[in-house]
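Build the 3D model from these lines:
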Amino acid sequence: MKAILVAQDFAPSQALEMLTRKLIDNGHEVWAFLAHGKSMSGDQGIQTQINDSDVVITGISSSPELSAVEREAIQLAISADVPFCCYADSFGALNRPWFQELLPMAARLFVINESEAEAAAELFTSSQKPEIVVSGNPAWEKFAFPELTRERVRELLGIGSSELVIMSPGIKDLVLNILLWGTIIEAASGTDVLGMLRHDVRVICSLHPGDPNDPQLYQSLTNGDREGLQIEIIPASKMKGSEMLPGIDLVIESFSTIGIEAAHQRIPVIACLTRLARHRYYQQSQRHDWPPYEMGAARVFKNDGSTDLASIISNMLWSSADLRSDMVQNLQDRQAKAYPQPAALGSAVSIMADSIERIKR
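Sure, this is the predicted structure:
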């Protein structure tokens with residue numbers, strides 16, 4: 001079998017790279033065009049390879065621009081009468097409007113869990129219904145098995161033993177990142193947080209690996225440093241947010257997969273949801289609610305005046321410094337229910353590969 005794998009965005013590229021290795025191990029010829037969030041323009045030989053292939057597998061990237069190469073590959077597959085599959089790497093990915101005309105023609109749709117499969121089934125009529133396969137997310141399996149220890153992460157980042165560390169993962173949008181991080185820094189700078197904790201606090205703004213913006217554009221955020229609070233911008237080239245997690249006391253994120261990874265490791269998570277972030281998420285998914293939040297795997301904060309971010313941070317970090325509060329314990333219990341400890345690594349790509357191998361051109 002000759003398989004063509006195409007993905008532009010970081011998350012689907014990561015998963016399809018793992019699938020590439022599995023298919024090669026199974027003895028198949030694989031051509032992988034995976035951009036990992038970087039630019040991938042031009043033909044790059046995709047058309048030639050698709051015409052001579054048995055199956056095409058693409059991601060469903062997070063914007064019309066990032067998914068352009070994937071949609072082009074699907075159109076080429078349709079023209080060449082080659083079956084294609086789509087991998088939905090996250091919650092609501094199948095709802096992205098820029099894929100709606102193509103999905104009914106897919107041979108397979110791979111989704112991350114049963115609830116996503118149920119939602120996917122409602123998208124299609126009986127005459128246009130691809131096979132929906134619950135594969136799971138290959139990358140998420142690794143979340144529960146971090147490679148670095150807490151001590152090693154803190155050593156690499158120069159974090160003192162008594163420091164409490166907030167890490168906030170960014171996305172690829174400059175405005176949303178600055179809005180999120182500014183909100184966190186303002187809350188963490190308050191006397192409620194620093195006065196209550198009696199510990200130094202560090203806020204790490206972790207740049208997304210696919211962020212196209214110059215890291216220097218974020219440096220002005222560090223001007224808010226004050227006694228007892230350190231603010232640091234860390235690009236992915238130095239250390240990725242997922243690598244930092246074992247050494248982190250609290251994650252504050254906004255519709256980020258890092259929040260899911262933190263939940264797998266039972267690290268407290270606050271979902272800081274600005275109005276603009278909620279609007280952008282709806283544009284991408286046609287959903288108002290992010291399922292991990294619905295499952296209670298994060299403490300949700302909306303900057304609408306109904307709650308106070310500083311007090312939530314204080315309680316989360318205070319429990320890390322001194323006592324395990326009921327708030328954190330209840331949160332970790334919900335994380336364990338939402339994301340049980342995986343039995344083994346590699347099951348997701350095995351399910352995907354087995355399903356793909358049954359497709360006949």
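
Can you pull out the low-pLDDT segments for the chain?
For the chain, applying pLDDT under 70 flags the ranges 41-44, 126, 191-198, 224-226, 305-306, 319-325, 343.

what residue lies at the spatial centre of it?
Closest to where the C-alpha atoms of the chain average out (CA atoms, centre = their mean) is residue 257, at 2.6 Å.

Now for that residue: which residues touch it?
Going by CB atoms under 8 Å, 6 or more residues apart in numbering, residue 257 touches 11, 90, 140. Any C-beta I mention is one placed from the backbone N, CA and C, and that applies to glycine too.

Could you do residue 267 as well?
Listed by CB under 8 Å, 6+ apart, the contact set of residue 267 reads 245, 248-251.

Rebuild those as a markdown table, extending it with secondary structure and distance to residue 176.
Formatted as a markdown table, the contacts of residue 267 follow (DSSP: H, G, I helix; E, B strand; the rest coil; distance: CB to CB, whole Å):
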| residue | secondary structure | distance to residue 176 |
| --- | --- | --- |
| 245 | helix | 21 |
| 248 | coil | 21 |
| 249 | coil | 24 |
| 250 | strand | 20 |
| 251 | strand | 17 |
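
between those, which is nearest residue 342?
When the contacts of residue 267 are compared for distance to residue 342 (CB to CB), residue 245 comes out closest, at 16.1 Å.

That closest one contacts residue 146, doesn't it?
Yes - when contacts are counted by CB atoms under 8 Å, residue 245 is listed as touching residue 146 (6.3 Å).

anything in contact with each of these two?
Common neighbours of residue 245 and residue 146 (criterion: CB under 8 Å, 6+ apart): residue 265.

Comparing these two, which residue is more hemmed in?
Higher neighbour count among residue 245 and residue 146: residue 245, with 23 against 19, using other CB atoms under 10 Å.

ok, the more buried one - contacts?
Residue 245 neighbours (CB under 8 Å, 6+ apart): 146, 153, 167, 251, 258, 261-262, 265, 267.

try 7 Å
Residues in contact with residue 245 (CB atoms under 7 Å, 6 or more residues apart in numbering) are 146, 261-262, 265, 267.

among those residues, which are in helices?
Judged by DSSP state H, the subset of those located in helices is 261-262.

Out of the contacts of residue 245, which is nearest to residue 99?
Using CB to CB, residue 261 is the member of the contacts of residue 245 that lies nearest residue 99, at 25.1 Å.

Wait, that closest one touches residue 142, no?
No - using CB atoms under 7 Å, residue 261 is not in contact with residue 142; the gap is 8.5 Å.
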